[in-house]
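*Asks:* Starting from these lines, generate the structure:
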Amino acid sequence: MASEPAAKRKCMGNDCENDAGSLQCPTCLKLDMKESYFCSQDCFKRNWSTHKAMHKAKSNFLSNLITPSVVSKPDPDTGLYNPYPTFPYTGPLRPVYPLSERRAVPKSIQHPDYWKDGEPKSERTFTGRTKIEILDKAQQEGMRKVCRLAREVLDIAAAAAVPGVTTDYIDEIVHKACLERESYPSPLNYCNFPKSVCTSPNEVICHGIPDQRVLVDGDILNIDVTLYHGGFHGDLNETYYIGDKAKADPDSVRVVEAARNCLDEAIKLVKPGALFRDYGNVIEKHAKSQKCSVIKTYCGHGINSLFHCSPNVPHYAKNKAVGAAKPGMCFTIEPMIALGTHRDKTWPDDWTSVTQDGKRTAQFEHTLLVTEDGVEILTARFPSSPGGPISMPEPAVETNGVTNGETKATAAAQ
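*Replies:* Numbering: from 1, shown residues only. Reported below is the predicted structural model:
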């Protein structure tokens, strides 16, 4: 008896409609995740930044069942501790635990599909992974509203980001501001992310988990806010100077302003017909002009009723992103720019991504709506928004032992 031919598998690539071959994701195989097939190695590499979110949901579930083999003892005075004391950190930053309890969201507020089990099922359907949705007028209005609310919440968080507060406090501020706007904080339990906002200081590229670390004068801090309201997500982030020392540090100002300008330059290209692969060319050109690098692991993404969907929008030059902008599309551009290497490393929490050389990094993000003749920045700054661009600090000038008005100490005065 002849057997029926096996049904053809579809490629897991977000922007791919091809049938899958025999290539499977090796990480999925290790996690016992079946049916993770791609049509080619190029397609697998192109979709890695979004595909690996599936690993987080699985690995975080397993890590909750397995106690880490080494955890530092809490400080007897404060109760604080480093959960990964033997991890080879790349820079001076360390996590400060315990994390606060997961914050509750009233049932009266609309929840996304992942709120309970951490799995964004709607993003993992074939349509969710491949189709670039064209929003109608009503959907566009829904996106305008949620993005305006998201800007309000980010501005509230930015005003609270000062020396002496913890990133967990920023999370509390964001969570309360979301609830006041009848909105769900989109990061909360997305692929098991434990908090309502991402806070990424200094060498953290993205996905920093708010904890008990106190912000100090001289830090830079990225705050990444996303709201879910009326069935739509609105996503934006900015990097802020914490205290006057940060504004006086040439390297911090160089990387922050480079990231800000990279986003601005990319947005100038957005219009119907613009290719998704072209934004990375202008971003990398500007970053290199400031002697900075572009992080390649993470990319911009489609956004609408789904938190992350097609298209993928890489930020580096000569990428192979597929597709072009059309009126009614919504997506983010969110370049991550580093002072040193573009290579990244992830902490054992499976979220916090840092530069491999421990040097500082900055990021800015907007949610964009393609219009008939250009682009609308849905998450645009208000005139009253905190932060904003600053000029490079004046270099220190020494004259007769005096540097910018301060007498330089000498060995004889020690």
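*Asks:* now the helices for the protein?
*Replies:* Assigned by DSSP state H, the chain shows helices spanning 26-30, 41-46, 48-51, 53-65, 126-130, 137-160, 167-180, 243-247, 250-267, 279-289.
*Asks:* Nearest to residue 338, out of these?
*Replies:* Closest approach to residue 338 among the helices of the chain (C-beta to C-beta): helix 250-267, 6.9 Å. C-beta: built from backbone N, CA, C; applies to glycine.
*Asks:* Between helix 279-289 and the closest one, find me the angle.
*Replies:* Comparing the axes of helix 250-267 and helix 279-289 via axes from the mean of the first three to the mean of the last three C-alpha atoms, to 10 degrees yields an angle of 150 degrees.
*Asks:* So which bits of helix 250-267 are buried?
*Replies:* The neighbour-count check on helix 250-267 (16 or more other C-beta atoms under 10 Å) flags 252-267 as buried.
*Asks:* pLDDT (mean, whole number) over that helix?
*Replies:* Mean per-residue pLDDT for helix 250-267: 98.
*Asks:* Just the closest of the buried residues of helix 250-267 to residue 88, please.
*Replies:* residue 255 (23.3 Å).
*Asks:* so where's the stretch 101-250 of the chain uncertain?
*Replies:* 128 (pLDDT under 70).
*Asks:* which one of the buried residues of helix 250-267 is nearest residue 107?
*Replies:* Using C-beta to C-beta, these come closest to residue 107 at residue 263, 36.7 Å.
*Asks:* Check the gap between the nearest residue to residue 181 once chain neighbours are set aside and residue 210 for me.
*Replies:* Distances taken as C-beta to C-beta, 6 or more residues apart in numbering place residue 149 nearest to residue 181, at 4.8 Å, with adjacent residues excluded. To residue 210, residue 149 is 20 Å away according to C-beta to C-beta, to the nearest Å.
*Asks:* ok, which stretches of the stretch 251-400 of the chain are strands?
*Replies:* 293-294, 300-302, 309-313, 330-333, 336-338, 344-346, 353-355, 361-363, 366-370, 375-377, 398-399 (DSSP state E, counting those that start in this stretch).
*Asks:* now those strands as JSON lines including mean pLDDT and mean neighbour count?
*Replies:* JSON lines is the format used below for these (pLDDT from 0 to 100; neighbours: other C-beta atoms under 10 Å):
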{"stretch": "strand 293-294", "mean pLDDT": "98", "mean neighbour count": "23"}
{"stretch": "strand 300-302", "mean pLDDT": "98", "mean neighbour count": "25"}
{"stretch": "strand 309-313", "mean pLDDT": "97", "mean neighbour count": "25"}
{"stretch": "strand 330-333", "mean pLDDT": "98", "mean neighbour count": "26"}
{"stretch": "strand 336-338", "mean pLDDT": "98", "mean neighbour count": "30"}
{"stretch": "strand 344-346", "mean pLDDT": "98", "mean neighbour count": "18"}
{"stretch": "strand 353-355", "mean pLDDT": "98", "mean neighbour count": "23"}
{"stretch": "strand 361-363", "mean pLDDT": "99", "mean neighbour count": "30"}
{"stretch": "strand 366-370", "mean pLDDT": "99", "mean neighbour count": "25"}
{"stretch": "strand 375-377", "mean pLDDT": "98", "mean neighbour count": "18"}
{"stretch": "strand 398-399", "mean pLDDT": "58", "mean neighbour count": "9"}
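*Asks:* follow-up on the earlier one: any chance of the helices of the chain in JSON lines with distance to residue 368 as columns?
*Replies:* As requested, the helices of the chain are exported to JSON lines (distance: least, C-beta to C-beta, whole Å):
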{"stretch": "helix 26-30", "distance to residue 368": "31"}
{"stretch": "helix 41-46", "distance to residue 368": "21"}
{"stretch": "helix 48-51", "distance to residue 368": "18"}
{"stretch": "helix 53-65", "distance to residue 368": "21"}
{"stretch": "helix 126-130", "distance to residue 368": "20"}
{"stretch": "helix 137-160", "distance to residue 368": "10"}
{"stretch": "helix 167-180", "distance to residue 368": "22"}
{"stretch": "helix 243-247", "distance to residue 368": "28"}
{"stretch": "helix 250-267", "distance to residue 368": "7"}
{"stretch": "helix 279-289", "distance to residue 368": "10"}
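*Asks:* if we compare the ones you listed, which one ends up closest to residue 344?
*Replies:* helix 48-51 (10.7 Å).
*Asks:* could you check the distance from residue 247 over to residue 387?
*Replies:* 11 Å.
*Asks:* To residue 228, which of the helices of the chain lies closest?
*Replies:* Per C-beta to C-beta, nearest to residue 228 of the helices of the chain: helix 137-160, 7.3 Å.
*Asks:* Which strands or helices does that closest one pack on?
*Replies:* Applying 3 or more C-beta pairs under 8 Å, 6 or more residues apart in numbering; DSSP states H and E, we find helix 137-160 packed against helix 167-180, strand 220-229, strand 232-241, strand 366-370.
*Asks:* send the alpha carbons of that helix over as CSV?
*Replies:* Taking C-alpha atoms only, helix 137-160 is exported to CSV below (Å, rounded to 0.1, in the frame of the first residue of the first chain):
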residue,chain,number,x,y,z
LYS,A,137,-8.2,54.2,9.0
ALA,A,138,-9.7,52.8,12.3
GLN,A,139,-6.6,50.7,13.0
GLN,A,140,-4.4,53.7,12.3
GLU,A,141,-6.3,55.7,14.8
GLY,A,142,-5.9,52.9,17.4
MET,A,143,-2.1,53.0,16.8
ARG,A,144,-2.1,56.8,17.2
LYS,A,145,-3.8,56.6,20.5
VAL,A,146,-1.7,53.9,22.1
CYS,A,147,1.5,55.5,20.8
ARG,A,148,0.5,58.9,22.3
LEU,A,149,-0.2,57.1,25.6
ALA,A,150,3.2,55.3,25.4
ARG,A,151,5.0,58.7,24.9
GLU,A,152,3.2,60.0,28.0
VAL,A,153,4.4,57.1,30.1
LEU,A,154,8.0,57.2,28.8
ASP,A,155,8.1,60.9,29.7
ILE,A,156,6.9,60.2,33.2
ALA,A,157,9.5,57.5,33.6
ALA,A,158,12.3,59.8,32.2
ALA,A,159,11.4,62.5,34.7
ALA,A,160,11.8,60.0,37.6
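*Asks:* buried ones in that helix?
*Replies:* In helix 137-160, counting by 16+ other C-beta under 10 Å, buried: 139-140, 142-158, 160.
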